[in-house]
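Engineer: With the input below, show me the fold.
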Amino acid sequence: MPEKETLRRVRKDKEEGKAASTQAGEFVREEIEHVKHGKHGVKNPKQAIAIGLSKARRAGVELPPPEAGRRKEKSRKSTYGKSKGRGDGSKSGS
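Structural biologist: Here you go, the predicted structure:
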């Protein structure tokens, strides 16, 4: 879960019209800080960057899916595809 301060900075960046990569950079920055303070056991900075970008995508930052070759095709489609199992927002049934 991203920290409240990080979410605040991201909202501010979005309101100012900054690029999605700038907004995602706040999440990456947070993860790098966690690594520095020993909150994560990542082996290298690339892992921290990947975690930060993943958190940014989950928080709604409009980032493209990971590049081909970085992640398996099946996983990329299921995780970052249009359908996330939430439906189209309309209630059906009754």
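
Engineer: what about the helices in the chain?
Structural biologist: 4-15, 20-36, 45-58, 73-80 (DSSP state H).

Engineer: how about those, which one is nearest Glu67?
Structural biologist: Checking the helices of the chain against Glu67 by CB to CB gives helix 73-80 as the closest, at 9.1 Å. C-beta here means a position set from N, CA and C on the backbone, and glycine is covered the same way.

Engineer: Pull the contacting residues for the spatially most central residue of the chain.
Structural biologist: Closest residue to the average C-alpha location of the chain: Ala56 at 2.2 Å, with CA atoms, centre = their mean. Ala56 is in contact with Val10, Gln23, Ala24, Glu26, Phe27, Val28, Leu63, counting by CB atoms under 8 Å, 6 or more residues apart in numbering.

Engineer: likewise Lys14?
Structural biologist: Applying CB under 8 Å, 6+ apart, the residues contacting Lys14 are Gln23.

Engineer: Would you check how far apart it and Pro65 are?
Structural biologist: Distance, Lys14 to Pro65, by CB to CB, to the nearest Å: 20 Å.

Engineer: Please apply the same query to Glu3.
Structural biologist: 25 Å.
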